[in-house]
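**Student:** Structure of the sequence below:
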Amino acid sequence: MVPFAGWSMPVQYTGIVDEHQAVRTAAGMFDASHMGELELRGKEALSVVNELITNDLRKLVDGQALYTCACNEGGTILDDLIIYRAAEDRFMVVCNASNRDKISAVVGNAAKGRCDFVDQSDDTALIALQGPKAFNVLSLAGDDAAKCSELKSFHFRDAVVANVRCTVARTGYTGEDGVELFCPWKDAPHLWRMLLELGAPLGVKPAGLGARDTLRLEARLSLYGNDIDDTTNPLEAGLGWVVKLDKPSFVGKAALEAIKAKPLPRKLVGFEVTGRGIARHGYLLRNINGDEVGVCTSGSPAPTVGKTIGLGYLPSSLAELGTKFLVDCRGKNVEAVVVKTPFYKRAL
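**Tutor:** Below is the predicted model of the structure:
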């Protein structure tokens, strides 16, 4: 157990690699109750949220979610979010635990005088069930839960799972299929125990922060505070696909238009370490002459890929696939190469 954004969180239960492989081959369960859940209700709820995010909320239908960034006026990232549209006048914003206070304040201020806003984080638990057998487990948790297999990716519905009323979303942070279940705080222990009990014969295991990190890195999913933060913008971070500059004004739009109008000075790239060493967050990246040119934002051995991988910011001139460079691993320059991402993609 370690401190994490004000919470006590498990790094591992049976071992990072064991839990990682369980998610890839069967299913893993993550307690993600540290995440923030912010609810907005009212006629202007859609407009309030849409003015704060880079993606376009107007394209959603009821029961659909989208991934997006929220930026400041300078176009750098306050947080990456998932927005859930329950109805035309009801939305839920899910933010990272480390940014809950910041995002709650931003959203709450924007909602003043326009729509109702409630921070539901302290009353809402979140359990992620991820892996190829996730829906097999849900099918054992009741008839209503079994119907959740009909959900499309990034869609959600209310359902009774193991006698607990939940909102079940086909979303996740592992690169695998699966669901995230929002439920009342008081019901979470029962739901956790029941899903583990039902899933045990199928190979389901609890998983901690360690496996969560290796899984998301293989899938090239950004981690706030590592790969993205308020010093990075979505365009250089490879998140241009969630920036809709053709929609009406949103916070950071002018800055992002100006950034897009010029060549990007740097880009977040995926790389493999070809020498002997492990790239870690904060390690310097050097060109082949040994000059400092960038920084590693995430790095780890990748159990599924069987290689040591990483993400980092490099000058655009060094960001092309196949470009070789060096990672400064505690004073030792180790060879690496820019590769295509995601490093892992599940078979559909």
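
**Student:** check contacts around the nearest residue to residue 142 once chain neighbours are set aside.
**Tutor:** Beyond its immediate neighbours in the sequence, the residue positioned closest to residue 142 (C-beta to C-beta, 6 or more residues apart in numbering) is residue 160, lying 5.8 Å away. To be clear about C-beta, it is placed using only N, CA and C from the backbone, and glycine gets the same treatment. Contacts for residue 160 (C-beta atoms under 8 Å, 6 or more residues apart in numbering) come out as 142, 144, 145, 166.

**Student:** Same check on residue 100?
**Tutor:** Residues near residue 100 by C-beta under 8 Å, 6+ apart: 5, 35, 36, 119, 121.

**Student:** for those, which one is nearest residue 215?
**Tutor:** residue 35 (16.3 Å; C-beta to C-beta).

**Student:** my read: that closest one touches residue 94, true?
**Tutor:** Yes - with contact defined as C-beta atoms under 8 Å, residue 35 and residue 94 form a contacting pair (5.7 Å).

**Student:** Overlap in contacts, these two.
**Tutor:** Residues touching both residue 35 and residue 94 by C-beta under 8 Å, 6+ apart: residue 126.

**Student:** one step back: are any of the contacts of residue 100 buried, and which?
**Tutor:** Buried subset of those (neighbour count, 16 or more other C-beta atoms under 10 Å): 35, 36, 119, 121.

**Student:** if we can go back for a sec, which ones among the contacts of residue 160 are found in helices?
**Tutor:** Taking DSSP state H as the definition of helices, the contacts of residue 160 contribute 144, 145.

**Student:** if I pick residue 223, what's in contact with it?
**Tutor:** Residue 223 touches 213, 216, 217, 297, 298, counting by C-beta under 8 Å, 6+ apart.

**Student:** which one of the residues you listed has the most neighbours?
**Tutor:** Among these, residue 217 has the most neighbours (other C-beta atoms under 10 Å), with 28 neighbours.

**Student:** Report the rounded mean pLDDT for the host helix or strand of that residue.
**Tutor:** Using DSSP states H and E, residue 217 maps to helix 209-218. In this model, helix 209-218 has an average pLDDT of 98.
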